[in-house]
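Visitor: The following block contains a protein sequence and its predicted model.
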Amino acid sequence: MSEFKPGLNMSVNFEEVFESKLAKNDIIEPKDWMPENYRKHLIRQISQHAHSEVVGMLPEGNWITRAPSLRAKLVLLAKVQDEGGHGLYLYTAAESLGISRDEMLEALHTGKAKYSSIFNYPTLTWADIGAIGWLVDGAAIMNQVMLQRTSYGPYARAMVRICKEESFHQRQGYEVMTKLSFGTSEQKEMAQDALNRWWYPTLMMFGPPDIESPNSDNALKWRIKRETNDQLRQRFVNQTIPQIEYLGLTCPDKSLKWNEAKKGYDFSEPNWEEFKNVIHGKGPCNKERLSSRNKSHKEGEWVRAAAMEFARKQNETA
Amino acid sequence: MENKALFYYILNLADDKLVLAQRLSAWTGHGPFLEEDLALTNIALDIFGTAKSLLEYAAKIEGKGRTEDDLAFFRNERQFTNCLICEQDNGDYAKTILRQAFMDSFDYLLYSQLAKSKDETLAGIAAKSIKEITYHKRHSHSWVDRFGNGTEESKTRLQTAINELWRFTGEFFETTDSDKELAKQSIAVDASTLKGAWEKEILTLLQKANMTIPLDAYMQTGGRKGVHTEHLGFLLSEMQALPRMLPDAKW
C-alpha cells in the first residue's frame, strides 16, 4: 500500500480531473479545483458581463421619464430593472470565484474593468430604445445562448435565466420598431435613423475578427465560448436582414448582398478603428457613463454606511 | 358628464400615483447600491401600474373617448390635482425615502378603505394595490429607521428632509364637498378621517428614529386645486414632450 502524499502529485491529479470533466461536458462547480488561468478568465468575463448590464441601465434609463405612453413606460422600466437583476446574478456568480463585489466595482469605477462598448453610444431618440432591444439585445442573445452550456456551473445557470429575459426584451424592442416603422412618416424616419446609427456598433459587439481575437482559443477549449466571433456575426446578419425588410427599412450597408454559395449575406465590416477607440475610452459617451456610475456610487456612500452602522448596532443589542 | 364628482376624485388618486412614480423612476440606474436600485424601481413600477389602472377608469367614466394616455400626456399643469408632496424633487436618498414613507402610510390607510368601496372597479384596483403598498411601507419605514439610527450624517440628512417635507403633509387630508358626498355613498374615502391614524403612525416612526417635527410648521396647500409648486411644470414638460411633439402618432 502506498503512502498518502499531498502536494505535487495531488495537483497533477486535480488537473487531470478538471480536464476529464471538460472532455465529458461536465460542469465545474465553485468548490472544484480549477486552473488559475481558467478562474481569472472567468472572473474577467463574468464581471465584465455584470458591468455591462449595470452600465447598460444608463442609456435606456435615459428614456424612462420620457417614454411616450404609460404602457411603454412600464415596459421600459421593467426592462431596465431586469438588466439590473442580471447584473446582480452575475456579480454573485463572479463572487463564487473568490472576488468581492467591492473589488469588481472598484475596477469598474476606476476604468480598469471593461464593459460592453455598445453602451458608450448615446440614446438620442425614442427609436433608439427600440433599436437597442431589437439589435443590441438580439446580438447579446446570440453571444449568450451558448453560455447556458458553459463549463462553469454558476455562470451557466445565471445565463439560463438571463437568456429567457433577453429574448423577451428583444421582442419588445422589435415591437417598438414595428410601431414606429408602420406609424407616421416622422416615426418611420426616427426608426430608420436609429437603425443607421446602431447597425455597425451592433456588429462590433461580436468582437474583433477571428484572426485578431486574443482570448478566443482558451475560451473555446474551456467551453466558456462555443462559436467564433465571425461565425456569430454572420448568423446575426442572416437573421436580422429579413427583419429589416419586414419593417420596410433599409440596411445602412450599401454593399450588403445575398451569397447563394454560402447561404448567407456578404456584408461590410464595421470600422474596427472606431471599435478600438471606443474600447480605449474615446467613444461618444465613455466619460458620461463612467462619471454617472461614479457619481451614484459616491452619493450612495452615506446610505450604505448608515445601513452598516444600523446593522452593527442591531447586532450589539441582539 | 354624469359622474363628474367620481371622475375628479379618481383623477386626484391617479395624479398622486403618476407624479410620484415619475419622480421615483428617475432613480433607476442611479440608486445607492444595486439591490436598492432594484427595490425602488419595483416600487415605481407598482405605482405606475396603479396610476394606469386609475386613469383608464377615469377615462371610461368621463366617456369622451379619451384614453389613459390622453389624460397623462395631454393635460397641463393646472389640470393636474396631485398633492404637492408627490412633485417635490428627489433630493438625496433621505428625502426620497421620507416622501415615500409619508405617502405609504397615507396610501395604506386610504387604499385599505377604498378596497371596501361600493364602486367595484375602484375596490378592485385598491385591493390589488394594498398588497403592494404593504410592501412599499415596510421598505420606506425600515429605511427611515436605519437613517434615524444609523450614522451622524444619515440622521442629519433625515432631519433635513423632515424639515423640508413636513409642510406638505397637511394636504393629504383635504377633502371637498363632492368627495364627502361620494364618501357618504361609500364610494370614496373622506381623507380627513385618516388624519389621526396617519399622525399616530408617523409620529411613532419618527420618534423611534429620534427625529423631531419642525416647530414652525405651516401647511402648504393648492395641489388639489391645480395650483402647484414650480416643480410640476418641469416634470410634465419632460414626461409629455414626445407625445405632444407627434400628437397623431401611436406608441
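Guide: Structure's in. What do you need? It should be emphasised that the depicted structure is a prediction, and the values quoted were computed from it without experimental measurement.

Visitor: measure A:Met177 to chain B for me?
Guide: Going from A:Met177 to chain B by C-beta to the nearest C-beta, to the nearest Å gives 12 Å. No exception for glycine: its C-beta is placed from N, CA and C like everyone else's.

Visitor: how about the residues of the stretch 1-150 of chain B near chain A?
Guide: When proximity is defined as C-beta under 8 Å from any C-beta of the partner chain, the stretch 1-150 of chain B approaches chain A at B:22, B:25-26, B:28-38, B:41-42, B:44-45, B:48-49, B:51-52, B:55, B:68-69, B:72-73, B:92-93, B:145-147, B:149-150.

Visitor: let's see it at 7 Å
Guide: Selection of the stretch 1-150 of chain B residues close to chain A by C-beta under 7 Å from any C-beta of the partner chain yields B:22, B:25-26, B:28-34, B:37-38, B:41-42, B:44-45, B:48-49, B:52, B:68-69, B:72, B:93, B:146-147, B:149-150.

Visitor: For A:Ile28, give me phi and psi.
Guide: In terms of degrees, to the nearest 10, the main-chain angles of A:Ile28 are phi -90, psi 130.

Visitor: Packing partners of the longest helix belonging to chain A?
Guide: In chain A, assigned by DSSP state H, the helix with the most residues is helix A:153-181. Where contact means 3 or more C-beta pairs under 7 Å, 6 or more residues apart in numbering or on different chains; DSSP states H and E, helix A:153-181 is packed against helix A:70-95, helix A:126-131, helix A:137-144, helix A:185-204, helix A:229-247.

Visitor: now for those, which one comes closest to B:Glu174?
Guide: helix A:70-95 (26.4 Å; C-beta to C-beta).

Visitor: near chain B, anything from the closest one?
Guide: Yes: judged by C-beta under 7 Å from any C-beta, helix A:70-95 comes into contact with chain B through A:Leu70, A:Ala72, A:Lys73, A:Leu74, A:Leu77, A:Ala78, A:Val80, A:Gln81, A:Gly84, A:Gly85, A:Gly87, A:Leu88.

Visitor: contacting residues for the fifth one?
Guide: By C-beta atoms under 7 Å, 6 or more residues apart in numbering or on different chains, the contact set of A:Leu77 is A:Ile64, B:Ser25, B:Thr28, B:Thr41, B:Ala44, B:Leu45, B:Phe48.

Visitor: tell me which of those residues is nearest to A:His280?
Guide: B:Thr28 (28.9 Å).

Visitor: Just read off the phi/psi values of the nearest residue to that closest one once chain neighbours are set aside.
Guide: Closest residue to B:Thr28 apart from its sequence neighbours, by C-beta to C-beta, 6 or more residues apart in numbering or on different chains: B:Thr41 at 4.7 Å. When read as degrees, to the nearest 10, the backbone of B:Thr41 gives phi -60, psi -40.

Visitor: What about B:Thr41, how many residues nearby?
Guide: 26 (other C-beta atoms under 10 Å in any protein chain shown).

Visitor: quick one: it from A:Leu70, how far?
Guide: For B:Thr41, the distance to A:Leu70 equals 16 Å [C-beta to C-beta, to the nearest Å].

Visitor: ok, now A:Ala127?
Guide: For A:Ala127 relative to A:Leu70 (C-beta to C-beta), the value is 19 Å.

Visitor: Give the buried residues for stretch A:225-237.
Guide: Within stretch A:225-237, the residues scored as buried using 16 or more other C-beta atoms under 10 Å in any protein chain shown are A:Lys225, A:Glu227, A:Thr228, A:Asn229, A:Asp230, A:Leu232, A:Arg233, A:Gln234, A:Phe236, A:Val237.

Visitor: gap between the residue nearest to the third one when sequence neighbours are not counted and A:Trp222?
Guide: Read it as A:Thr228. Of all residues not flanking A:Thr228 in the chain, A:Asp210 sits nearest, at 4.8 Å (C-beta to C-beta, 6+ apart). Between A:Asp210 and A:Trp222 the computed distance is 17 Å (C-beta to C-beta).
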